[in-house]
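[1] attaching a predicted model along with its sequence, questions to come.
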Amino acid sequence: MTKDGSQMTSRKSRTLLTTLLAAPMLLDLTACGRTPSHSKLEVSDVAHTPVKRQSIGNCWLYATSTWAESLHLSATSETVNLSESYWTYWDWYHKLVGSQSTEINTSGGWTGASKIIASHGFMYEVDFLPQEAESEMSNIQHTAEAAINEILKNGTLKDPQNRTPKNVRQALDAAFGVKMEELAGKVHQASDLVTTVNSNDRKFTLADEIAGGIHQWTVLNYPRLSGQNARESWIVRRRRANALQRALRAVNDKRPVIMSSMVEFSALNTENSATFEYELYLSKGYSSGQGGHLVVLEDYVVENVPGIGHIGEGEVTPEHKEAALRGDVSYLVVKNSWGTERPDRGLSDGYTRFTMDFLNRPLPFDLDDGDSDISHGTWYSALSAFILPPEY
């Protein structure tokens, strides 16, 4: 686990997960365009930009970009398309210079994304890879990963002594089909993107959100259970309820919240609104792919609200939003980075559901040896952390 609470997969499982997340029909999907999507189950409705689709294992950068785009949209009513490929370029640069690796590691987390933004700012996709500005998924990231791995094994970067800043930059320029030095005038500092305007009309920027100080976002760890027969103690139950309520208060106020959890594709019900379900996984008795994943909350559905019952369909009043926090959360709705129309993921709008049973109850995640038998592996619960606005 990373220090910020997100998971990083082992090499074997990361390769499997990347294969599962990547598309078998890359060219067709990049031509589809980017479609705005919203959840139809609205206790709340966080403002989101169009759904994108990752082609490699960098969900953490997609979660960061959709989080930043959502903040900017809410603050300014302007939709922007930040370049995950630009951040991927710099992530790989820092991982490759002076390294001994034979394969690029695409995994990461919130802290790593923040450091990249602080050091290298951001670019709009139309400026970094204009040919992909209207594409839902990046083919270039996919081909660049293959190109860099080939160079690490058989090319100019095979010898670790050759992995100087200059040589790594040349390899990355070739892999992404850019000349980074010539793009310097189109790089924006994090302070150039407005992300929040408070009640006193004070403006905060992306630099404020990631740099700390008065507007620092909070990494809130969500208590996990370990062991096949683990049960919630009263203190774990209370801490979980407090963490979840803090996250949902932010969602009620239409603030984007990043969620870090594990995914297990045997638990994904593709016939029921792309929903991860605990009982489905156990009924199958096998794993079909696991890994750490970052997404951004959009909405939630609750049952057993005192005096009300079910809340979730359609718009609700502020009073019902407050009441919803006293109910039992049935599932969370998240904006994912797996594309919009994905029958293999059960997706019709780009949004995935996670039942609280799946997130809370221990499952046999086995990231070390990739064993597909669920009788093996370490049992622990999936949800690990939320990234919350400072006021929550």
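    Cool, got the structure. Every value quoted in this text rests on a predicted model; they were computed, and no experiment measured them.
[2] quick one: buried residues of stretch 138-148?
    Neighbour counts over stretch 138-148 (16 or more other Cβ atoms under 10 Å) mark 138-145, 147-148 as buried. Where C-beta positions appear, they are placed from N, C-alpha and C, glycine not excepted.
[3] and the residue nearest the centre of the chain, helix, strand or coil?
    Nearest to the geometric centre of the chain sits residue 294, at 2.8 Å (Cα atoms, centre = their mean). Following DSSP: H, G, I helix; E, B strand; the rest coil, the label given to residue 294 is strand.
[4] give me the pLDDT for it.
    pLDDT, residue 294: 96.
[5] gap between it and residue 64?
    Plainly put, residue 294 is 8 Å away from residue 64 if you go by Cβ to Cβ, to the nearest Å.
[6] quickly list what's touching both of those two.
    Residues touching both residue 294 and residue 64 by Cβ atoms under 8 Å, 6 or more residues apart in numbering: 110, 258.
[7] any weak-confidence spans in the protein?
    1-42, 44, 212-215, 313-315, 366-377 (pLDDT under 70).
[8] show me where it has helices.
    With helices called from DSSP state H, the chain shows them at 11-21, 26-30, 59-76, 84-96, 110-120, 125-128, 139-154, 165-176, 206-211, 234-252, 278-284, 318-324, 356-360.
[9] okay, those helices, which one's buried deepest?
    Of all the helices of the chain, helix 59-76 has the most neighbours on average by mean count of other Cβ atoms under 10 Å, namely a mean of 24.
[10] taking helix 139-154 as reference, get the angle to it.
    Helix 59-76 runs at 150 degrees relative to helix 139-154, counting by axes from the mean of the first three to the mean of the last three Cα atoms, to 10 degrees.
[11] what residue of this structure is the furthest out?
    Centroid-distance maximum for the chain: residue 307 at 35.4 Å, with Cα atoms, centre = their mean.
[12] against residue 154, how distant is that residue?
    Distance from residue 307 to residue 154, counting by Cβ to Cβ: 67 Å.
[13] check residue 80 too.
    As defined by Cβ to Cβ, residue 80 lies at a distance of 39 Å from residue 154.
[14] cool, and residue 182?
    Per Cβ to Cβ, residue 182 is found 28 Å from residue 154.
[15] same question, residue 138
    Taken as Cβ to Cβ, the span from residue 138 to residue 154 is 24 Å.
[16] ditto for residue 318
    61 Å.
[17] now residue 124
    When residue 124 is compared with residue 154 (using Cβ to Cβ), they lie 35 Å apart.
[18] next one: residue 244
    To residue 154, residue 244 is 49 Å away according to Cβ to Cβ.
[19] also residue 196?
    Distance from residue 196 to residue 154, counting by Cβ to Cβ: 48 Å.
[20] cool, and residue 306?
    Relative to residue 154, residue 306 is positioned 65 Å away (Cβ to Cβ).
[21] before we move on, what about residue 71?
    For residue 71, the distance to residue 154 - Cβ to Cβ - is 43 Å.
[22] again with residue 96
    Residue 96 is 15 Å from residue 154, by Cβ to Cβ.
[23] next, count neighbours for the nearest residue to residue 264 once chain neighbours are set aside.
    Computed as Cβ to Cβ, 6 or more residues apart in numbering, the closest residue to residue 264 that is not its neighbour in sequence is residue 290, at 5.1 Å. Residue 290 has 28 neighbours, counted by other Cβ atoms under 10 Å.
[24] correct me if wrong: residue 290 contacts residue 378.
    No. With contact defined as Cβ atoms under 8 Å, residue 290 does not reach residue 378; the gap is 11.2 Å.
[25] quick one: contacts for residue 188?
    Contacts of residue 188 (Cβ under 8 Å, 6+ apart): 121-124.
[26] who does it form a beta bridge with?
    Legend: beta-bridge partners of residue 188 under DSSP bridges are residue 122.
[27] much appreciated, bye for now.
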